[in-house]
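>>> sequence-free structure coming up:
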């Protein structure tokens, strides 16, 4: 995998923009509910990675709440570079 820290930060920005785009898209079509549902589904999808993220986060001594929040928000774009030592926390 890519060991470039900037690459992983870029992917995190893309994930945040994806959340913003699906929410804003709902308002653009004057039906905000589908946008919020898609954002919730994205968060749930990221939550499926929690077992792996918890294991890696505990190894790296990251606080439990941070592991959960970062995994829900960023998913693998947070815990993969953490595992590889590209980021500290």
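Alright, I've got the coordinates. Bear in mind the structure is a predicted one, so any value in this text is a computation, not a measurement. Numbers count the residues shown, from 1 in each chain.
>>> quick one, longest helix in the protein?
Looking only at the chain and at elements set by DSSP state H, the helix with the highest residue count is helix 5-28.
>>> Give the next helix or strand downstream of it.
Toward the C-terminal end, the helix or strand that comes next after helix 5-28 (DSSP states H and E) is helix 32-47.
>>> how far out from the middle of the chain is that next one?
Averaging C-alpha positions (CA atoms, centre = their mean, to the nearest Å) puts helix 32-47 12 Å from its chain's average.
>>> same check, this time on stretch 19-34
The gap between the average C-alpha position of stretch 19-34 and the chain average comes to 19 Å, counting by CA atoms, centre = their mean.
>>> Same question for stretch 12-26.
Going by CA atoms, centre = their mean, the spacing between the C-alpha centre of stretch 12-26 and its chain's C-alpha centre is 11 Å.
>>> average pLDDT across the longest helix of the chain?
Averaged over helix 5-28, pLDDT sits at 96.
>>> How about stretch 35-49?
Rounded to a whole number, the mean pLDDT of stretch 35-49 is 96.
>>> Tell me the buried residues in that stretch?
For stretch 35-49, the buried set under the neighbour-count rule, 16 or more other CB atoms under 10 Å, comprises 35, 38, 39, 42, 46, 49. Any C-beta I mention is one placed from the backbone N, CA and C, and that applies to glycine too.
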